[in-house]
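Q: give me a model of this one.
(chains A and B)
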Amino acid sequence: DAGVIQSPRHEVTEMGQEVTLRCKPISGHNSLFWYRQTMMRGLELLIYFNNNVPIDDSGMPEDRFSAKMPNASFSTLKIQPSEPRDSAVYFCASSRETSGRTYNEQFFGPGTRLTVL
Amino acid sequence: AQKVTQAQTEISVVEKEDVTLDCVYETRDTTYYLFWYKQPPSGELVFLIRRNSFDEQNEISGRYSWNFQKSTSSFNFTITASQVVDSAVYFCALRGGNEKLTFGTGTRLTIIP
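A: You can find the predicted model right below:
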């Protein structure tokens, strides 16, 4: 089975430009997570979808960030306008979550390294 | 709120030595899940193990073993007979209640050939 797929793997853009990161979760997984990793802040959750519905977006830094999950096999994270402080590695992860508070492991994609100049 | 502490920022050992990575956690939930992930130099995050709070049995997988002790809120990870390929950053993580997955700050392990 294919793992979590992310594109692009690397993105270099200029301040003010719109950036769109893409993710395809593992087939059959019903939860999808977007994380950001920086040296200063480590790994932080940006947003979490369950069955395509956003459940927790408290980690989204500000209105410049938005995420969508139009169907079970695709999600996007958009930054508009981008700023140099958005430079980081963005990971998408997916898991199969059952009812209640049984938390299964999350499988991570390879990440997108974003550089905003 | 929940918290994961990995006090060891960096560890270096010579190949074939055993090494233990410490993880201490805090949570008010009685049901929670603990995880370890490996991040090699290539950057991806690789899942290693998941343990729920009701299962205190230690686990061994090849050269890897995990010691879960609720009494000390610790979930330590030992690599036996370390190899250069074990060089990576290792993250301990916790999820319980309605909380999101909380990662520790990671331990950078370097295996010296």
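
Q: and the most centrally placed residue in chain A, how far is that from chain B?
A: Closest residue to the average C-alpha location of chain A: A:W34 at 2.5 Å, with Cα atoms, centre = their mean. According to Cβ to the nearest Cβ, to the nearest Å, A:W34 and chain B sit 11 Å apart. (C-beta placed from N, C-alpha, C; glycine too.)

Q: in whichever strand or helix holds that residue, what counts as buried?
A: For A:W34, the element it lies in under DSSP states H and E is strand A:31-38. Judged by neighbour count (16 or more other Cβ atoms under 10 Å in any protein chain shown), strand A:31-38 contains these buried residues: A:S31, A:L32, A:F33, A:W34, A:Y35, A:R36, A:Q37.

Q: may I have the phi/psi pair for the residue of chain A found nearest chain B?
A: Residue nearest to chain B within chain A: A:F108 (3.9 Å; Cβ to the nearest Cβ). Main-chain torsions, A:F108, degrees, to the nearest 10: phi -100, psi 150.

Q: pLDDT score assigned to it?
A: Listed pLDDT for A:F108 reads 96.

Q: now it. Nearest residue, chain neighbours left out?
A: Closest residue to A:F108 apart from its sequence neighbours, by Cβ to Cβ, 6 or more residues apart in numbering or on different chains: B:L45 at 3.9 Å.

Q: report how many residues lie close to the one you found.
A: Neighbours of B:L45 under the rule other Cβ atoms under 10 Å in any protein chain shown: 26.

Q: now A:F65
A: Based on other Cβ under 10 Å, the number of other residues close to A:F65 is 20.

Q: so what's the residue nearest to it when sequence neighbours are not counted bridging to?
A: Among residues not flanking A:F65 along the chain, A:I79 sits closest, at 5.7 Å (Cβ to Cβ, 6+ apart). Beta-bridge partners for A:I79, by DSSP bridges, are A:V19, A:F65.

Q: may I have the phi/psi pair for the residue in chain B that chain A sits nearest to?
A: Closest contact between chain B and chain A, by Cβ to the nearest Cβ, is at B:L45 (3.9 Å). As for B:L45, its main-chain torsions (degrees, to the nearest 10) stand at phi -100, psi 120.

Q: alright, I will stop here.
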